[in-house]
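S.K.: return atomic coordinates for the entry below.
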Amino acid sequence: MQDTAALAQALDQLLEPLVEVLLRGGMPHKAFAELAKGVYVRVAEGEGGVAGRKQSTSRIAVRTGLTRKDVRRLRIGSVPPSAASSERYSRASRVVTGWLRDERFLEGGQPAVLPFDGVEPSFAMLVKGFSGDVPPRAMLDELLSAGTVSVDEEGQVRLVERGYLPRRGEADKLQILGSDVAGLISTIRRNLDAGPEDAWYQRKVFGDNLSVPALAALRRLTAETAQAFLEHIAVWMAEHDLDEHPELEGPGGGRAGIGIYYFEEPSEEGSA
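M.R.: Have a look, this model is predicted:
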């Protein structure tokens with residue numbers, strides 16, 4: 001049994017920045033509460049019933065604290081939101097990672113400047129190899145809008161940022177909020193019950209009274225060292241990816257990832 005007081009305190013901390021996002025986006029409490037009800041029903045239903053039987057409306061109502069009427073209504077329409085933005089984010093990231101690590105698209109160890117198509121290696125070849133069936137022109141437009149690439153007068157495509165982060169719409173940015181925070185919470189959820197030998201890696205470091213110049217330097221240092229680490233991990237994962245190396249032994253289907261984030265807030269001694 002989890003400590004409900006500690007859980008409530010943790011939830012209060014978690015919700016504060018989230019509610020700031022909700023208020024900024026114009027979502028009132030009633031809409032959030034209705035969404036939360038649907039998630040409660042979906043999660044309770046997905047956990048399975050007694051002896052593997054399908055969860056009953058009454059059982060879900062007992063577990064979630066909702067009325068049977070609410071559960072019946074929500075079971076009809078309780079489906080996960082579209083993953084289109086998340087898939088676009090994933091595909092664009094894979095293209096950038098491929099450009100950074102695949103020797104076919106490197107020159108002197110750095111990402112090569114690529115023609116859009118025609119002569120190989122080309123940007124179209126890169127997209128075909130790392131994003132599946134996304135049209136190269138659509139991927140180019142996506143990366144251009146994010147400021148990840150540039151195109152010169154001769155149509156040559158240059159990588160100008162070593163990572164992809166959408167800029168063109170709040171919907172795409174909010175999708176990252178959902179997927180990235182969900183990944184962190186999933187790790188914490190597992191580590192609540194896992195023993196030391198089975199826990200997933202979860203660490204952070206922080207200083208509580210850094211000067212303004214130090215904060216600026218730390219942002220730069222974090223961006224440089226974290227990017228290098230993530231690129232190193234991306235190369236390792238690509239070397240063990242069964243889609244790219246079908247000759248490797250062992251069953252497939254496993255997904256894994258590593259996320260790094262930087263945070264900053266005023267210290268108790270004064271604002272940064």
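S.K.: for the chain, just list every one of the helices.
M.R.: 4-24, 29-46, 57-64, 68-77, 84-101, 123-130, 136-145, 170-193, 212-239 (DSSP state H).
S.K.: ranking the ones you listed by burial, who's on top?
M.R.: Ranked by mean neighbour count, the helices of the chain are led by helix 123-130 with a mean of 22 (mean count of other Cβ atoms under 10 Å). Glycine gets a C-beta too; all of them are placed from N, C-alpha and C.
S.K.: so which elements touch that helix?
M.R.: helix 84-101, strand 114-115, helix 136-145 (3 or more Cβ pairs under 8 Å, 6 or more residues apart in numbering; DSSP states H and E).
S.K.: low-scoring stretches of the stretch 151-272 of the chain, by residue?
M.R.: 167-172, 268-272 (pLDDT under 70).
S.K.: repeat that for 50
M.R.: Along the stretch 151-272 of the chain, segments meeting pLDDT under 50 span 271-272.
S.K.: same thing with the stretch 1-150 of the chain?
M.R.: Scanning the stretch 1-150 of the chain for pLDDT under 50 picks out 1.
S.K.: in the chain, which residue is most central in space?
M.R.: Closest to where the C-alpha atoms of the chain average out (Cα atoms, centre = their mean) is residue 180, at 3.4 Å.
S.K.: quick check: it vs residue 93, distance?
M.R.: Taking Cβ to Cβ, to the nearest Å as the measure, residue 180 falls 12 Å from residue 93.
S.K.: what's the answer for residue 229, then?
M.R.: From residue 229 to residue 93 the distance is 15 Å (Cβ to Cβ).
S.K.: cool, residue 156 as well?
M.R.: According to Cβ to Cβ, residue 156 stands 22 Å off from residue 93.
S.K.: likewise residue 17?
M.R.: In this view, residue 17 and residue 93 are 24 Å apart by Cβ to Cβ.
S.K.: got it, and residue 195?
M.R.: Residue 195 sits 33 Å away from residue 93, going by Cβ to Cβ.
S.K.: repeat for residue 228
M.R.: 16 Å.
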